[in-house]
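Asks: Take this sequence and fold it.
(one chain, ligands or ions: 1)
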Amino acid sequence: MDLQLAGKVALVTGGSVGIGKATALQLSQEGVGVAICARTRETLEAAANEISQQTGGRVLPVPTDTTVPEQVNAMVQTTVDAFGRLDILVNNAGRPGGQATGPLSEVSDEDAMEDITFKFMTYLRSSRAAAEHMKRQGFGRIINVGGLAGRNVGTIAGARNLAITHLTKNLSVELGQYGITANVVHPGGTRTERTAGLVAAEAQKRGISEAEAEKQMYGDTAIRRIVDAEEVGYVITFLASPLSVSVTGEVIAAGGGSGRALYI
Ligand SMILES: NC(=O)c1ccc[n+]([C@@H]2O[C@H](COP(=O)([O-])OP(=O)(O)OC[C@H]3O[C@@H](n4cnc5c(N)ncnc54)[C@H](OP(=O)(O)O)[C@@H]3O)[C@@H](O)[C@H]2O)c1
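Replies: Residues are numbered from 1 along each chain as shown. Next up, the predicted model:
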């Protein structure tokens with residue numbers, strides 16, 4: 001299947017490592033011009049070079065802190081200035097698991113507020129800025145990366161992901177008339193550069209092998225293993241394609257069948 005992505009332009013936030021980098025690589029492989037953002041310039045530039053060398057495509061590093069409104073507008077403008085258009089926005093930058101962890105009785109107001117404002121506000125701001133260009137073009141794809149914590153109680157990160165879902169449906173209704181779709185992808189436990197360290201620490205804590213620790217931490221999915229970042233990237237890449245036009249305002253889980261609840 002030709003995804004009809006060649007010649008399109010994408011902006012992937014948090015594109016220096018993990019799911020963002022894997023997505024940027026998939027998009028670049030499909031012939032998309034890609035801008036990636038993150039705060040750490042060195043890692044960001046290394047990722048852009050690596051992807052570009054692998055695919056032969058243009059990958060532009062745009063150092064940005066997405067929590068700073070002016071930087072978000074500048075990031076979108078820099079992308080449009082460099083590539084002449086913007087077709088695809090992947091909102092992905094975030095802190096996996098969130099800042100506020102532990103029982104709600106012990107969570108500080110500051111950490112909870114940071115979790116809610118970080119992803120929700122940054123996704124809103126970048127969607128708003130990107131949509132102006134997409135409207136003019138009569139085409140756009142917004143993919144907001146949430147997380148399966150949104151389908152379970154127990155964390156502020158879950159509430160944050162649910163807020164992103166509401167925002168995304170809202171965007172889909174407002175922007176559909178301009179040829180723009182908006183969807184959420186919820187990763188579950190996903191293998192990124194951080195995973196080996198997390199597994200090793202857990203193995204040491206429990207006095208078990210790393211293989212056993214990984215199974216206990218991530219094996220309770222229908223596919224009985226952790227999902228790789230690139231496998232989340234495939235889903236995002238399909239949603240970025242013009243062929244995905246019939247899917248908008250939806251929430252797609254890319255967690256390998258995590259959880260037992262039914263969503264109808
Ligand atoms: N991995 C999982 O198991 C999992 C599960 C559920 C949901 N998710 C969600 O999937 C997304 C990606 O997760 P991941 O595991 O791939 O994350 P990751 O490996 O920790 O990478 C996060 C990326 O975001 C960037 N970033 C963080 N804060 C930023 C800021 N303020 N401004 C700009 N860039 C920023 C980071 O670079 P800098 O630090 O240099 O800025 C990095 O490029 C997140 O939204 C996360 O909540 C992940």
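
Asks: in the stretch 101-250 of the chain, which spans are helices?
Replies: Assigned by DSSP state H, counting those that start in this stretch, the helices in the stretch 101-250 of the chain fall at 109-137, 156-175, 195-206, 210-218, 229-240.

Asks: so can I have a markdown table of those helices showing mean neighbour count and mean pLDDT?
Replies: C-betas here are computed from N, CA, C, even on glycine. As requested, the helices of the stretch 101-250 of the chain are arranged in a markdown table below (neighbours: other Cβ atoms under 10 Å; pLDDT from 0 to 100):
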| stretch | mean neighbour count | mean pLDDT |
| --- | --- | --- |
| helix 109-137 | 19 | 95 |
| helix 156-175 | 20 | 96 |
| helix 195-206 | 14 | 97 |
| helix 210-218 | 17 | 96 |
| helix 229-240 | 22 | 98 |
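
Asks: now those helices as CSV including distance to the ligand?
Replies: Formatted as CSV, these follow (distance: least, Cβ to the nearest ligand atom, whole Å):
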stretch, distance to the ligand
helix 109-137, 6
helix 156-175, 7
helix 195-206, 8
helix 210-218, 9
helix 229-240, 6
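
Asks: residues in contact with the residue in the chain that the ligand sits nearest to?
Replies: Taking Cβ to the nearest ligand atom, the ligand has its nearest neighbour within the chain at Gly18, 2.2 Å off. Counting by Cβ atoms under 8 Å, 6 or more residues apart in numbering, Gly18 makes contact with 96, 190, 192-194, 229.

Asks: if you set the cut-off to 7 Å instead, what comes out?
Replies: Listed by Cβ atoms under 7 Å, 6 or more residues apart in numbering, the contact partners of Gly18 are 192-193, 229.

Asks: got it, and Gly138?
Replies: Residues in contact with Gly138 (Cβ under 7 Å, 6+ apart) are 178-179.

Asks: quick one on the thing from earlier: quick one: pLDDT of the residue of the chain closest to the ligand?
Replies: We have a pLDDT of 98 for Gly18.

Asks: do you know how far it is from Asp81?
Replies: Taking Cβ to Cβ, to the nearest Å as the measure, Gly18 falls 27 Å from Asp81.

Asks: Please apply the same query to Ala47.
Replies: Taking Cβ to Cβ as the measure, Ala47 falls 21 Å from Asp81.

Asks: Strands along the stretch 1-150 of the chain, start to end?
Replies: Under the criterion DSSP state E, counting those that start in this stretch, the stretch 1-150 of the chain contains strands at 9-13, 33-37, 59-61, 88-91, 140-145.

Asks: Same list, the helices of the stretch 101-250 of the chain, but as TSV with distance to Gly102 please.
Replies: Output for the helices of the stretch 101-250 of the chain, formatted as TSV (distance: least, Cβ to Cβ, whole Å):
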stretch	distance to Gly102
helix 109-137	9
helix 156-175	10
helix 195-206	16
helix 210-218	18
helix 229-240	26
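
Asks: which ones are touching the residue positioned nearest the centre of the chain?
Replies: Of all residues in the chain, the one closest to the mean position by Cα atoms, centre = their mean is Asn92, 2.7 Å from it. Contact analysis of Asn92 by Cβ under 7 Å, 6+ apart lists 12-14, 19-20, 23, 145.

Asks: give me that answer again for 6 Å
Replies: By Cβ atoms under 6 Å, 6 or more residues apart in numbering, the contact list for Asn92 reads 13-14, 19-20, 145.

Asks: for Glu30, same thing?
Replies: Glu30 neighbours (Cβ under 6 Å, 6+ apart): 3, 5.

Asks: circling back: could you save the strands of the stretch 1-150 of the chain as JSON lines and add columns showing mean neighbour count?
Replies: Compiled in JSON lines, the strands of the stretch 1-150 of the chain are given as follows (neighbours: other Cβ atoms under 10 Å):
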{"stretch": "strand 9-13", "mean neighbour count": "28"}
{"stretch": "strand 33-37", "mean neighbour count": "28"}
{"stretch": "strand 59-61", "mean neighbour count": "22"}
{"stretch": "strand 88-91", "mean neighbour count": "29"}
{"stretch": "strand 140-145", "mean neighbour count": "26"}
